[in-house]
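1. fold the following and give me the result.
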Amino acid sequence: MSIRIQRFDEHLKMPWKNGLGITREVISRPASDEPGGFDWRISLATVGASGPFSIFAGIDRTIAVLQGDGMQLTVDGRREPPLLVGSPPFAFSGDAEVQADCLGGETLDLNMMSRRGRFVHRMTKIVVSDAQTLSLPAETVAVVFRDEALVAIDSLRSDAGLGDVLVGLDGPLELSIVPRGSGCMLYIIEVTALSGQTPDAEQVA
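-> Numbers count the residues shown, from 1 in each chain. Now for the predicted structure:
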């Protein structure tokens, strides 16, 4: 899979596991032993009403707010700090019972999931105030944009905006970014394979 920017409108729409909403799946690695399952998955979801999250047994999750008023999460009965635009990514177990209470209107959130014992993931928020070059580790599988920017990586030169995702990365790379405004934010997602697994993914657009 060659490096490209997958646009927000290209992400594959699918219903939530609990039937209460729609997720846009960006990229995933299907599970070899579970038809319809995944070993890891990146997705974007628009949350317009309060309600429970789906249970994903054996899955580790990380979530970040890209746009909107944010959410108040209660995880296994524990009320967490409000999750807002600019908050650090929040990691939790997919086995947990999670209630999400909207703090206003619609919220667009970024979700990363990986199967425990096979893969581990890390989501890092980066604020880009001025033109700069970022070194992407070999484990990077995607870069998710929140704000408008001009990006250059390898032979790719393109504009990026809210919900656009840089995919097809392979090996350590240098990503040049020129933000279109102040306080541009993006998220780098890394996946590390365990027990001889490989991080190969399927592009789902």
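
2. identify the residues contacting G163.
-> 7-8, 11, 24, 44, 66, 108, 144-145 (Cβ atoms under 8 Å, 6 or more residues apart in numbering). From N, CA and C alone the C-beta is placed, and that goes for glycine too.

3. recalculate using a threshold of 6 Å.
-> By Cβ atoms under 6 Å, 6 or more residues apart in numbering, the residues touching G163 are 8, 44.

4. mind pulling up the pLDDT for D60?
-> D60 carries a pLDDT value of 98.

5. buried set for stretch 182-200?
-> Of all the residues in stretch 182-200, those buried under the rule 16 or more other Cβ atoms under 10 Å are 184-191, 193, 197, 199.

6. so which of those residues sits lowest on pLDDT?
-> When these are compared, the smallest pLDDT is that of P199, 66.

7. thinking again about what came up before, narrow the buried residues of stretch 182-200 to those in helices?
-> If you go by DSSP state H, these have nothing in helices.

8. correct me if wrong: L134 contacts S176.
-> No. With contact defined as Cβ atoms under 6 Å, L134 does not count as touching S176 (8.0 Å).

9. okay, these two: which has more neighbours?
-> Higher neighbour count among L134 and S176: L134, with 17 against 14, using other Cβ atoms under 10 Å.

10. check what pLDDT the more buried one gets.
-> 96.

11. from E106, how far out is A149?
-> To E106, A149 is 23 Å away according to Cβ to Cβ, to the nearest Å.

12. how about P88?
-> Distance from P88 to E106, by Cβ to Cβ: 22 Å.

13. which residues of the protein score low on pLDDT?
-> By pLDDT under 70, the low-scoring segments of the chain are 1, 17-21, 196-199, 201-205.

14. not counting sequence-adjacent ones, nearest residue to the spatially most distant residue from the centre of the chain?
-> Largest separation from the mean C-alpha position in the chain: G77, at 24.8 Å (Cα atoms, centre = their mean). For G77, ignoring the flanking residues on the chain, the nearest one in space by Cβ to Cβ, 6 or more residues apart in numbering is E97 at 7.8 Å.

15. burial of that neighbour, as a residue count?
-> The tally of other residues near E97 (other Cβ under 10 Å) stands at 12.
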